[in-house]
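S.K.: here is my input, please return the structure:
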Amino acid sequence: MPSYIIFEDISGRERLLLEFFRRYFKLFPEDVFMEEYFYTKDDIDKLYAKLPWNELWAYEDPKTF
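M.R.: Numbering: from 1, shown residues only. Purely as a prediction, here's the structure:
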């Protein structure tokens, strides 16, 4: 059963969180990050591989990655 990670105020920390989740999901690939949408390890991997990084990634539907 996955755990859900929720941050209330990430404004200005999107890039830091992207790096955090990239490393976190290597250890716990079944967990889910939730802001406006649900983000899985696959979503974060797709986003991380896409350069340049979109600073507003946490506010976009991961289906668009």
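S.K.: elements contacting the worst-scoring helix or strand of the chain on mean pLDDT?
M.R.: Within the chain, confidence by mean pLDDT, DSSP states H and E is lowest for strand 4-6 among all helices and strands, at a mean of 74. If you count contacts as 3 or more CB pairs under 8 Å, 6 or more residues apart in numbering; DSSP states H and E, strand 4-6 packs onto strand 32-34. From N, CA and C alone the C-beta is placed, and that goes for glycine too.
S.K.: let's see that with 10 Å instead.
M.R.: Where contact means 3 or more CB pairs under 10 Å, 6 or more residues apart in numbering; DSSP states H and E, strand 4-6 is packed against helix 14-27, strand 32-34.
S.K.: out of those, which is the most enclosed?
M.R.: Looking across the helices and strands packed on strand 4-6 with neighbours counted as mean count of other CB atoms under 10 Å, the highest average goes to strand 32-34: a mean of 17.
S.K.: partners of it, with directions?
M.R.: In the sheet, strand 32-34 lines up against strand 4-6 (parallel), strand 38-39 (antiparallel) (DSSP bridges).
S.K.: spatially central residue for the chain, please.
M.R.: Per CA atoms, centre = their mean, the C-alpha nearest to the average position across the chain is that of Ile44, at 4.8 Å.
S.K.: which helix or strand contains that residue?
M.R.: helix 41-49 (DSSP states H and E).
S.K.: report the inter-axis angle for that helix versus helix 14-27.
M.R.: Per axes from the mean of the first three to the mean of the last three CA atoms, to 10 degrees, the angle that helix 41-49 makes with helix 14-27 is 130 degrees.
S.K.: so what's the gap between helix 41-49 and the chain middle?
M.R.: Centre-to-centre, helix 41-49 and its host chain are 7 Å apart (CA atoms, centre = their mean, to the nearest Å).
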